[in-house]
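In: Quick one: sequence and predicted model below, then my questions.
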Amino acid sequence: MLVVAASVVVAVGTVTGMIRALDDGSGADSARPDATGATLLVPLPDTPSVSNSPSAKASSSARPKRTATTGTTRKPRRTAPVSPRLYRHPESQVLDWVRDHPDDPRTEVIESRIADQPAAVWFADFTPSTITSRVRAVTSGAAAQGRVPVVVPYAIPDRDCGGASEGGADDFAAYDGWIDNFAAGLGSREVVVILEPDSIAQADCLSDAQRADRFEALARAGRVLKAADPQARVYYDAGHSDWNPAGQQAALLKQAGAASAESSDGIFSNVSNFHTTSAEIAYDRQVLDALGGPAGLGAVIDTSRNGNGAPADGQWCDPAGRKIGRAPTLDTGEARIDGYLWVKLPGESDGCKGAAGTFTASYAYDLAR
């Protein structure tokens, strides 16, 4: 993956709030970390349940700052009221850490500014036999609360072009079947689908034939997802504002079906990256203008770690001085911008502050305070 351009995956575990779908054959209905440190959602029943799952333990070496006058821990500052519409899944690494560390002086800040916010649920393991029930567990949990889940199918063949997040289905026939099963779990209510991060912006690593096969599979995936749930909102990979030029990205998106109302509701950008919301808004509108298609196509932006913008030196691995961005919402007040989402959960490391994908309390605290 290109260091400057990389949008999301240094390792599978770097993605936000990742509750990753894994069938390990154990039959256990609980969330747990895998070897990369990502939180995994192993097969769940149709009705979701909360489990007391193990999680990757975070370092407790960093201490919270104290005020110069009183010596007391700073009071937490919320990013914004929690979205009344978006769904917060009850299992994630940050929630596990908060439950396990009620007396840590950083807990109040991390809980109020990160753990309380809704984040995306990732399905990053190729498990055709159980994917339907695992997706249904999330969507039915959201439906029970009258909220909108954000789900991330992440199993495209040649994922990450053989990089640290390599994996996915063995071939496109297998992927098509996996998507069919994924779609069967969506239900009939509103759901936001972030379809295959990096799959389009990073496609220059593929041959022309491989790229054509991938784009055909993505276009089919969008059609299948929207046919299964007419209220599903499917968004395609636009990279971010410092990756491909808008016109070039739009041309790739069009080949992947992103300009068709039958398969697409628009684009997503900045997943696991740091570019400012204003830069992404401008870029996404340029991409949408170049893309064409129905006037209703919009964009969603990952704002989980972009509060201070991207580092000037292009650092992407847990760079210092970053802050959480705007709280997740589907009501942005911006034309053609359908939502600000936390696709990567703040505090889950890119691999420098901690093992890739593991929750690191010191990192989360630095982002949140």
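Out: Here it is on my side, so go on.
In: all strands of the protein, in order?
Out: Counting by DSSP state E, the segments of the chain that form strands are 19-21, 31-33, 39-41, 121-123, 150-153, 191-194, 232-237, 266-269, 298-302, 337-341.
In: how about low-confidence regions in this protein?
Out: 1-80, 164 (pLDDT under 70).
In: could you pull out the helices for it?
Out: Secondary structure of the chain (DSSP state H): helices at 93-100, 107-110, 131-145, 172-184, 208-228, 246-255, 277-291, 361-368.
In: Between those helices, which one is closest to residue 343.
Out: The stretch from these with the least distance to residue 343 (CB to CB) is helix 277-291; that distance is 12.3 Å. For glycine as for every other residue, the C-beta is placed from the backbone atoms N, C-alpha and C.
In: Pull the distance from the closest one to the chain's centre.
Out: How far helix 277-291 lies from its chain's middle: 19 Å, per CA atoms, centre = their mean, to the nearest Å.
In: what's the answer for stretch 322-342, then?
Out: That offset, for stretch 322-342, works out to 13 Å (CA atoms, centre = their mean).
In: First-to-last residue distance for that stretch?
Out: 15 Å (CA to CA, to the nearest Å).
In: Stretch 229-245 now?
Out: End to end - CA to CA - stretch 229-245 spans 32 Å.
In: what comes up buried for that stretch?
Out: Within stretch 229-245, the residues scored as buried using 16 or more other CB atoms under 10 Å are 229, 232-244.
In: right, and the pair among these with maximum separation?
Out: By the measure CB to CB, 229 and 242 form the most distant pair in the buried residues of stretch 229-245, at 33.4 Å.
In: before we move on, back to that, export the helices of the chain to JSON lines and tack on mean neighbour count?
Out: JSON lines is the format used below for those (neighbours: other CB atoms under 10 Å):
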{"stretch": "helix 93-100", "mean neighbour count": "22"}
{"stretch": "helix 107-110", "mean neighbour count": "22"}
{"stretch": "helix 131-145", "mean neighbour count": "21"}
{"stretch": "helix 172-184", "mean neighbour count": "19"}
{"stretch": "helix 208-228", "mean neighbour count": "19"}
{"stretch": "helix 246-255", "mean neighbour count": "20"}
{"stretch": "helix 277-291", "mean neighbour count": "20"}
{"stretch": "helix 361-368", "mean neighbour count": "23"}
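In: can you redo the ones you listed as a markdown table with distance to residue 330?
Out: Below are these laid out as a markdown table (distance: least, CB to CB, whole Å):
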| stretch | distance to residue 330 |
| --- | --- |
| helix 93-100 | 21 |
| helix 107-110 | 24 |
| helix 131-145 | 13 |
| helix 172-184 | 21 |
| helix 208-228 | 18 |
| helix 246-255 | 22 |
| helix 277-291 | 15 |
| helix 361-368 | 22 |
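In: Just tell me which of those helices ends up closest to residue 118.
Out: Ranking these by proximity to residue 118 (CB to CB) places helix 131-145 first, at 9.4 Å.
In: How far away from the center of its chain is the closest one?
Out: Counting by CA atoms, centre = their mean, helix 131-145 comes out at 17 Å from the chain centroid.
In: got the angle for that helix vs strand 232-237?
Out: 120 degrees (axes from the mean of the first three to the mean of the last three CA atoms, to 10 degrees).
In: Would you mind writing the CA trace of helix 131-145 as PDB?
Out: Taking C-alpha atoms only, helix 131-145 is exported to PDB below (Å, rounded to 0.1, in the frame of the first residue of the first chain):
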ATOM      1  CA  ILE A 131     -22.000 -14.400   7.300                       C
ATOM      2  CA  THR A 132     -25.800 -14.100   7.000                       C
ATOM      3  CA  SER A 133     -26.500 -14.700  10.700                       C
ATOM      4  CA  ARG A 134     -23.600 -12.400  11.700                       C
ATOM      5  CA  VAL A 135     -24.900  -9.500   9.600                       C
ATOM      6  CA  ARG A 136     -28.400 -10.100  10.800                       C
ATOM      7  CA  ALA A 137     -27.300 -10.000  14.400                       C
ATOM      8  CA  VAL A 138     -26.100  -6.400  13.800                       C
ATOM      9  CA  THR A 139     -29.000  -5.200  11.700                       C
ATOM     10  CA  SER A 140     -31.600  -6.700  14.000                       C
ATOM     11  CA  GLY A 141     -29.900  -5.200  17.000                       C
ATOM     12  CA  ALA A 142     -30.100  -1.800  15.300                       C
ATOM     13  CA  ALA A 143     -33.700  -2.400  14.300                       C
ATOM     14  CA  ALA A 144     -34.700  -3.200  17.900                       C
ATOM     15  CA  GLN A 145     -33.400   0.300  18.900                       C
END
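In: Which strands or helices does that helix pack on?
Out: strand 19-21, strand 39-41, strand 121-123, strand 150-153, helix 172-184 (3 or more CB pairs under 8 Å, 6 or more residues apart in numbering; DSSP states H and E).
In: closest one to residue 86 among the strands of the chain?
Out: strand 150-153 (6.8 Å).
In: Name the surrounding residues that touch that closest one.
Out: 15, 86-87, 118-124, 135, 138-139, 179, 182, 191-197, 221, 341, 343 (CB atoms under 8 Å, 6 or more residues apart in numbering).
In: Apply 6 Å and report the result again.
Out: Residues from elsewhere that reach strand 150-153 (CB atoms under 6 Å, 6 or more residues apart in numbering): 120, 121, 122, 123, 182, 192, 193, 194, 341.
In: Among the helices of the chain, single out whichever gets nearest to residue 325.
Out: Using CB to CB, the nearest of the helices of the chain to residue 325 is helix 277-291, at 6.3 Å.
In: and the angle from that closest one to strand 337-341?
Out: Using the same axes, to 10 degrees, the inter-axis angle of helix 277-291 relative to strand 337-341 is 140 degrees.
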